[in-house]
Structures are given as C-alpha cells and as structure tokens.
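Trainee: fold the stuff below for me.
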Amino acid sequence: MKIVSKTAVALVLALTLISLWIPVSVFAAQDTGYPPIAGWDFKWEQPNTAAGLIESPSQDRGGWVRLNSLNNLPARDQQNQDAWYKTVLPELQSDSSALLLKKIYGRHIIIYLDGHERYEQNRSYMYDDSKILLPLNAGDAGKTLYIQVLAEKDRMGLQGEVVYGDYQKLLTQYVKSYLDDLILGSSMIFLGLVMLIAALFMRKSQLVSWLALMLVLLSIGAMILTYSPLLYSLFTGYGEVFLIVYDLALLTLLPSLTYYFEKTVGAGYKQIIRHFRKFQMVYSLFCLGFMAMNVLMKDRYFDLYYLFSVKILGYLIILQIILVVGSAIAYTVKGSRDALVFTLGFGVFGLTVLIEMICFMASQGSYELVWWKWGVLGFAIALIAVLGQKFAKNHQQILVYSRELEMFNRELQRSEKMEIISELAASVAHEVRNPLQVTRGFLQLLQGKSQNKDREYITLALKELDRASSIITDFLTFAKPEIDHVQLLELSDEFRHIEGILVPLANFQGSKMTSRIPKGLYIEGNSSKFKQAFINIVKNSIEALQEDGQIHIWAYMEQEEVVIHIRDNGEGMEPAEMARLGEPYFSNKTKGTGLGLMVTFRIIEVMRGELTFHSKKGVGTEVIVRFPAASGGETLSS
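Mentor: Below you'll find the model as predicted:
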C-alpha cells in the first residue's frame, strides 16, 4: 500500500503540473484568426558565387512552379542551391500590420518587396530554425514578396502557414509561441541552481545523488532554452555560444542521468549500467574535445563532429534509454519503490525521446525534435520524487539507528551498574549476614528477659534486622541468579499459588485481582524464582492502586512464545520514571529500595524472558512478559 500511495502522489503531482503547462502551450500556439497567404510560387536557382552574394530578384528569369501547400518542405535536388518563394501581398488593413512566417529553415534568409530588400538574416553557425515577424504598412499591399533561402542542410524553406494581420496581435502570438520553452527551461535551471546552493549543506552520503540530479535538471533546462528559436532570434550575435551550450548540456546530461540511476536505483544486471556510464563519460569527453577543436578551426571539421555528436550519439541515446528503462523495470519487478517511480516518470520521457530519435535518424537529421519537452516535466518530477524518497528512507534509518544506539547505551550503563552491584553483593553479603544472624539471636534472648518498655525497642530492632536480611537476600539473588533446578512450569498452577498469596493483600487494600490463565501454557524455569519475580511485579501493582483498584492478569500463546500481561489502573508512571525501572535504589515507594524489581529483571533475563512496561500517569500500568514456550509433559533438571 505504501508503494501505491507514494506512486499515486508522484503521478498526481506530475499530471497536475503537466495539466497546468498544457494550457500555456495550447494558448501560446493558438492562431489569432488571421488568414494565411495563399498562391505561392517556388523555384531553385544557383547563387551568384562570383560576387559571393545571393542573386537579387530584380532580374526575374522565370521558372516558377505553383505550390499547392507550404506544409511540406521541397526536396532538395542539388547542393549549394538557394530556394525562392514568391507571392503577392493582399490588401492590408492599416499601417500597423505585419507578416508572420511561423517556421522557416535556412542559415541565410533575405526577404524582398518588389525587388527591394526588407529583411536579412545571415547566421554563421549551424542553426537553421527561425520564426520571422516582418512589419508592413498599408502601402505594401499588392507588392510582390520574394523570400530567398540558402541552407547547408537538406531541409530548407518555409514550413507551415504564413499569416498577415495586426502587428501587435501577431507580436503577441510570436512571443507566446516560445513561452513554454522559456518557462520550462528557466524553471529547470532555477531549480538546479537552488539545488546547487542546498548542496553546500548536504551530508557526504547524500551529496553524490543530489549533485547528479542537479546536473540533470541544469542540463535539461539549458537544452530546452538553447533548442528554442527564441534566443537565436533575440540575440543573433550569440547563436554559436548557444549551440555550444546545447552540446555541453547534452553531453553532461547523458552520463549524469545514468550515474543518477546507478546511485538511486542500482547498477543493473552484472553492473551493466555502471560500465555503460563509464563509457558515456569517456565518449562525452571525446566529443567535448572534438567540439573545442572544431570551434577553434572555424567549423572546418563540422561534418566529422556532426557524425560523432549527433548521428553516433543518437544511437547511444537509444541504447541508453533501452538499458535504463529495462533495468528500471527489472528493479520494479523485484519490489524497488525507487525503480517504480523512476520507471513511471522515465516511461513517458523515454518513449517520446526514443520515437523522436528514431524519426531523426530515419530522416537523416532533417526531423525536428518537438515532443521530447512534453516528457521532461513528468520525468523531472519523478527524479525529484525518487531522490526525496531516498532521503526520507535514509532519515528513517538514521532515526532507527539513533534509537538503537540510545537503547544500547542504556543497556551498557545498566550492565555496568549490575556488574558492580553483583561483585559488591557477592563479596559482602555473606560476611554481613553472619553477624546479623548472631545479633538477632542475642536480641531474641534479651527480649525474653527484658521489661515491657525495653521489649518494644528490641522488637523494633529485630524488625530492622529482618529488613536488612531481606535486602541481603535480594543482593545474593541478584549476584547469583542462576537457576539450579530447571522445571517444566505450567502457568495456571504457578499463578494459582501467586494468587493465594496476593489476593488477601489486594482485598485488604480494597482492591480486586482477577486472572485468566488457560491450561496448557508451559515454560522452562525454577518455580520459586518464577514466583518471586511475579510476586514482586503484582505486589508493586497492588501498592500503586487507589481505592476500588483493579488488577487483571492474563496469558496466551503467540508465535512460540508465552505472553503474560499484568494490568492495573493505579497511579501510573511518567516516561522518565519508566526509563529508570530496574535500577538499584530507584523506587516510587517511600521505603522502597528498588532491589525487588532489579531482582525481577535479573530472574526473567536468566529464564530467557523479556520484560516491557507501558504506563501513563493517572491511567495505570501494564507489564508484558514474554517467555519461550515449552512443550508440556516432562520435568527437566539441570
């Protein structure tokens, strides 16, 4: 149930954020209602290489072909050719009009109106995706629009619709079309930077996974921003820098993601994830070195760099997705919570990336990656959920360890105290008891010959000597708790004797004691020691009762153990008092020494039992004693 509930929470968070993001994307992509321009002509021409310029449309030599639609890019027939588009602008409503080219591919783009250049974009770097907003006025109506595109990739030219209308509304649509990229990419980077600050305060055991997730989020955010055409349109002089940042982010993301999976979920079958991660690190360093050389050589080795950093890397990404998803599913089948959440988050992201990478490789690099961003958000939330779940698990383990350490320290202190008392009792008790017995004998002789007044003092002295002898007996029992005669004890018989001793005491105090001990419950131990231990426990309960108090005793069998409960509705104890139970000379009674309960603990311990207390001040106390069960029938002796 815990796995399902935590997974449900992660899924709810992912679906909630995605549902908030989808309206933004849909709103950003919606049309303004302006009609598209129809009636396009197209032709291929050789550029004027003599002057190093694209030929002007002022000398139109014909050769145009009518296009039915702009939805499909024209197939490129020869290299180093430029594509030409031509149409006549329709009537414009006002001087504040504009033309929106929703998507156009090309490094060098020139737009002419009646042979006069109106717009030019010339990029020296390998990024060909653009969205152009061209301001117009009412006087431009009826003019011939020429669009000339030069590109080095196979894809080039207009893609989709070209609409015209009010400048301000088209500008709003232009900005909103990139809003999802801006919001999502910036959010990922911001979250990664916050994690970087938080990393300064992380423990070493958690720092590695934290930094890996931070690199994943920073890389994804940087890739989303630098893949969007918005930055290249706003900051035309930094396009080459953005491409370098994109490649750096991609080459950082791949090994970071594998390393994060390795640390949070596992290294996979026969350490395959770990081996693949090491290969990825080496390959990423190789591509980074190749990229640096290509930048320094002014794209002289671009084709070779493109082979390693795009084509071959694309196949490695597909392999990585298969390995990670396969390993995550395998760990999920084995019951790993982290793997389950990771699989759910990575499933959407990995599936979209896998499909798009296959399309990209099948199209020889002409396919534009679009849908991968939809899986990023859910995947990032899954990664955060996995790490958060792991931190919570580590925190729980620390708490458990702290409690165990505290219990161990208490047991160690108790053991040291008991050892000191045991040695003291063994060395002193016998020597003290002998003179006490001699003194008691002489006082008894004097009592018979003394007068009434002296006899009262001697009686008091005898009582105190008996009390001292009882304390010494407790010391000796504690010092030598070994059970000399091990017997098979039936609890019903033992408690019948204990009730016979203590019921009159309970009735004398106006209290009531009841028991429900079924027959057939057997343990191994010494009858007299057993009675001594439980008489001490029940007697303490009787002394804690007020008027109309009750004590209830019952027992049962549970998983090869005999469990005995003794519950009273007395005054109860505070947690601090319960923590000191069994310590010598700690007692809630006015004349108590605490030795009786100390001896009780020792007897139950020697009989391989376990004693626990549950108490609440003003409510009462319940004592639970567990012994290993024994099969009935034979009497044992040691």
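Trainee: residue ranges for the strands of the stretch 101-250 of the chain, please.
Mentor: Across the stretch 101-250 of the chain, reading from the start of the chain, the strands by DSSP state E, counting those that start in this stretch fall at 108-113, 116-122, 129-136, 144-150, 157-158, 162-166.
Trainee: so which of the ones you listed comes closest to G268?
Mentor: strand 129-136 (36.7 Å; Cβ to Cβ). The way it works is simple: take the backbone N, C-alpha and C, and place the C-beta from them, glycine included.
Trainee: and the closest one, what's its mean pLDDT?
Mentor: Computed over strand 129-136, the mean pLDDT rounds to 88.
Trainee: who does it pair up with?
Mentor: strand 97-105 (antiparallel) (DSSP bridges).
Trainee: tell me the domain ranges of this structure?
Mentor: Partitioning the chain according to automatic domain parsing yields domains covering residues 2-28+179-397, 34-164, 402-479, 487-628.
Trainee: go through these and find the least confident stretch.
Mentor: For the domains of the chain, the bottom mean pLDDT is recorded on domain 402-479, which sits at a mean of 71.
Trainee: so which strand or helix has the most centrally placed residue in the chain?
Mentor: A centroid search over the chain (Cα atoms, centre = their mean) returns Q389, at 2.0 Å, as the residue closest to the centre. Here Q389 sits within helix 372-449, counting by DSSP states H and E.
Trainee: before we move on, the earlier item: against T258, how distant is the residue nearest to the centre of the chain?
Mentor: As judged by Cβ to Cβ, to the nearest Å, Q389 and T258 stand 20 Å apart.
Trainee: what's the answer for F495, then?
Mentor: Distance of F495 to T258, computed by Cβ to Cβ: 65 Å.
Trainee: and for G39?
Mentor: 52 Å.
Trainee: more crowded one of those two?
Mentor: Applying other Cβ atoms under 10 Å to G39 and T258 shows that T258 carries more neighbours, namely 23 against 10.
Trainee: hmm, V324 and that one touching each other?
Mentor: Yes: applying Cβ atoms under 8 Å, one finds T258 in contact with V324, separated by 6.8 Å.
Trainee: which residues do those two both contact?
Mentor: Taking Cβ atoms under 8 Å, 6 or more residues apart in numbering as the contact criterion, the common neighbours of T258 and V324 are I273.
Trainee: any idea how far the closest residue to E571 other than its chain neighbours is from F601?
Mentor: In space, E571 comes closest to A544 once its chain neighbours are excluded; the distance is 5.4 Å by Cβ to Cβ, 6 or more residues apart in numbering. Distance check for A544 against F601: by Cβ to Cβ, it reads 18 Å.
Trainee: now swap in V216 and tell me
Mentor: Taking Cβ to Cβ as the measure, V216 falls 55 Å from F601.
Trainee: just the buried residues of the host helix or strand of I624, please?
Mentor: Following DSSP H and E, the helix or strand that holds I624 is strand 620-628. Buried residues in strand 620-628, counted by 16 or more other Cβ atoms under 10 Å: 620-623, 625-627.
Trainee: and it, what does it pack onto?
Mentor: Packed against strand 620-628 by the contact rule (3 or more Cβ pairs under 8 Å, 6 or more residues apart in numbering; DSSP states H and E) you find strand 522-525, helix 527-544, strand 561-568, strand 610-616.
Trainee: so for V216 and F601, which sits in the more crowded spot?
Mentor: Neighbours were tallied for V216 and for F601 using other Cβ under 10 Å; the higher tally belongs to V216 (24 against 20).
Trainee: what about the helices in the stretch 151-300 of the chain?
Mentor: Listed in chain order, the helices of the stretch 151-300 of the chain (DSSP state H, counting those that start in this stretch) span 167-176, 179-198, 204-227, 229-234, 239-264, 272-296.
Trainee: so which of the ones you listed is nearest E406?
Mentor: For the helices of the stretch 151-300 of the chain, proximity to E406 was assessed by Cβ to Cβ; helix 204-227 is nearest, at 21.1 Å.
Trainee: which elements pack onto the closest one?
Mentor: With 3+ Cβ pairs under 8 Å, 6+ apart as the test, helix 204-227 has helix 179-198, helix 239-264, helix 372-449 packed against it.
Trainee: which one of those is the most hemmed in?
Mentor: Across those, averaging neighbours per residue (mean count of other Cβ atoms under 10 Å) puts helix 239-264 on top, at a mean of 20.
Trainee: what's the angle from that helix to helix 272-296?
Mentor: 170 degrees (axes from the mean of the first three to the mean of the last three Cα atoms, to 10 degrees).
Trainee: could you check the angle helix 239-264 makes with helix 204-227?
Mentor: Comparing the axes of helix 239-264 and helix 204-227 via the same axes, to 10 degrees yields an angle of 150 degrees.
Trainee: what is helix 239-264 packed up against?
Mentor: Packing contacts for helix 239-264, counted by 3+ Cβ pairs under 8 Å, 6+ apart, involve helix 204-227, helix 229-234, helix 272-296, helix 313-333, helix 337-362, helix 372-449.
Trainee: tilt between the fourth one and helix 337-362?
Mentor: Orientation of helix 313-333 against helix 337-362 (the same axes, to 10 degrees) gives an angle of 150 degrees.
Trainee: flag every buried residue along helix 313-333.
Mentor: Within helix 313-333, the residues scored as buried using 16+ other Cβ under 10 Å are 313-314, 316-318, 320-321, 323-325, 327-328, 330-332.
Trainee: picking up where we left off before, I501: which of the helices of the stretch 151-300 of the chain is closest?
Mentor: helix 204-227 (57.2 Å).
Trainee: what comes up buried for that closest one?
Mentor: For helix 204-227, the buried set under the neighbour-count rule, 16+ other Cβ under 10 Å, comprises 206, 209-227.
Trainee: rewinding a little: which among the buried residues of helix 313-333 gets closest to R608?
Mentor: Distance ranking of the buried residues of helix 313-333 against R608, using Cβ to Cβ, places Y331 first at 40.9 Å.
Trainee: so R300 touches N294, yeah?
Mentor: Yes: checked against Cβ under 8 Å, the pair R300 and N294 is within contact range at 7.1 Å.
Trainee: among those two, which residue is more densely surrounded?
Mentor: Neighbour tally, R300 and N294, criterion other Cβ under 10 Å: the higher count belongs to N294, 18 against 11.
Trainee: OK, contacts around the more buried one?
Mentor: When contacts are taken as Cβ under 8 Å, 6+ apart, N294 is in contact with 300-302, 304-305.
Trainee: repeat for M214
Mentor: The neighbourhood of M214, defined by Cβ under 8 Å, 6+ apart, consists of 192, 195-196, 199.
Trainee: now do G160
Mentor: The neighbourhood of G160, defined by Cβ under 8 Å, 6+ apart, consists of 70-71, 102-103.
Trainee: how does it look with 6 Å?
Mentor: In this structure, G160 makes contact with 102-103, judged by Cβ atoms under 6 Å, 6 or more residues apart in numbering.
Trainee: for S631, which of the strands of the stretch 101-250 of the chain is the nearest?
Mentor: Using Cβ to Cβ as the measure, strand 129-136 is the one of those that comes nearest S631, at 82.5 Å.
Trainee: hmm, back to that, can I get the helices and strands packed on helix 204-227 in a markdown table with distance to A555?
Mentor: Putting the helices and strands packed on helix 204-227 into a markdown table (distance: least, Cβ to Cβ, whole Å) gives the following:
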| stretch | distance to A555 |
| --- | --- |
| helix 179-198 | 54 |
| helix 239-264 | 48 |
| helix 372-449 | 26 |
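Trainee: out of the ones you listed, which is closest to Y164?
Mentor: Taking Cβ to Cβ, helix 179-198 is the member of these nearest to Y164, at 22.2 Å.
Trainee: separation between the closest residue to S96 other than its chain neighbours and K131?
Mentor: Counting by Cβ to Cβ, 6+ apart, S96 lies nearest to Y167, which is 4.7 Å off, once chain neighbours are set aside. Using Cβ to Cβ, one gets 15 Å for the distance from Y167 to K131.
Trainee: so those two - more neighbours on which side?
Mentor: Neighbour comparison, Y167 and K131: the larger count goes to Y167, with 21 against 18 (by other Cβ under 10 Å).
Trainee: this completes my enquiry, with thanks.
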